[in-house]
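*Asks:* Pasting a predicted model and its sequence here:
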Amino acid sequence: MDAMVWVWIVIGIVVVAALVLGLMAARKRKEELHHRHVAEQREQAGEMRRTAENIELDARERDANAIKARADAEQAQVDAERMRQEAEKRQNEAESLRNESVERRQHADSLDPDVDTKNRQDQARGRDQSHVEHGVPDRGPSDRDSAGRDAEDRGRQDDGRP
C-alpha cells in the first residue's frame, strides 16, 4: 500500500471521528436543551402548584369567613330575640306599674272626702282609655286634681255657694 492510501485512510478516520464527535456534541447539546426544558417545566409546575395552594388557602379562608359571618348573623338574631323578650318584659312591667298606679289613685280618691269619686272614676277611665288607644301621655295627678277642683268650683258657683 502506498502512502497515499494510508493518507486517505487517516483522513477518512479523522473525518469519521470528527463526524462522530460532532454528532456526540450535537446529541449532548440536545440532551442539555431537553434537561433545561424539563427543568423549566418542573419549575412552572411547581409555581402552578404553589399558586393552586394559595388559591386553595384563599378559598378555605373565604369559607371560614362565610361560616363566621353566618354565625355572627345567627348570634345577632339570638341577641335581637333576647332584646325583644326584654322589651316585652319591660313593657309588661310598665303596664303592671301603670295599673298599680291607677288602682292606688282610685283608692286614694275613695279615701279623700273632697274628691267626687263617681265623676272622677268616669273621667279617669276615659283618660286611661285615650292614653292607651292614642298613645297620648296621661296627665299627672296634679292636673287631674286641679281639673276636678275646677269642676267642683263651677258647680258651687252655679249653686250660689262659694
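*Replies:* Good, I have the coordinates. Being a predicted model, the structure only gives us computed values, none of them experimental. Numbering: from 1, shown residues only.

*Asks:* This protein: helices as residue ranges?
*Replies:* Applying DSSP state H to the chain gives helices spanning 3-111, 117-134, 141-159.

*Asks:* Student question: in the protein, what's the helix or strand with minimum average pLDDT?
*Replies:* Scoring the helices and strands of the chain by mean pLDDT, DSSP states H and E places helix 141-159 at the bottom, with a mean of 49.

*Asks:* Grab the most central residue of the protein for me.
*Replies:* Ala73 (4.9 Å; Cα atoms, centre = their mean).

*Asks:* how close does that one get to Met24?
*Replies:* 72 Å (Cβ to Cβ, to the nearest Å). Just so you know, the C-beta spots here come from the backbone N, C-alpha and C atoms, and that holds for glycine as well.

*Asks:* can you check Lys68 too?
*Replies:* Relative to Met24, Lys68 is positioned 65 Å away (Cβ to Cβ).

*Asks:* Tell me where the model's unsure across the protein.
*Replies:* Low-confidence segments of the chain (pLDDT under 70): 1, 117-162.

*Asks:* switch the cut-off to 80
*Replies:* Low-confidence segments of the chain, defined by pLDDT under 80, are located at 1, 115-162.

*Asks:* ok, Asp109 - how many residues close by?
*Replies:* By the criterion of other Cβ atoms under 10 Å, Asp109 has 19 neighbours.

*Asks:* go on, Glu74?
*Replies:* Here the number of neighbours of Glu74 (other Cβ under 10 Å) works out to 10.

*Asks:* now Val115
*Replies:* By other Cβ under 10 Å, the residues close to Val115 number 19.

*Asks:* Please apply the same query to Arg42.
*Replies:* Counted with other Cβ under 10 Å, Arg42 comes out at 10.

*Asks:* Same check on Arg82?
*Replies:* Counted with other Cβ under 10 Å, the neighbours of Arg82 add up to 10.

*Asks:* For it, give me its contacts.
*Replies:* Neighbour list for Arg82: empty [criterion: Cβ atoms under 8 Å, 6 or more residues apart in numbering].

*Asks:* what's the distance between it and Arg70?
*Replies:* 19 Å.

*Asks:* Please apply the same query to Ala94.
*Replies:* Separation of Ala94 from Arg70 (Cβ to Cβ): 36 Å.

*Asks:* And for Asp79?
*Replies:* 15 Å.

*Asks:* same thing with Asn99?
*Replies:* 43 Å.
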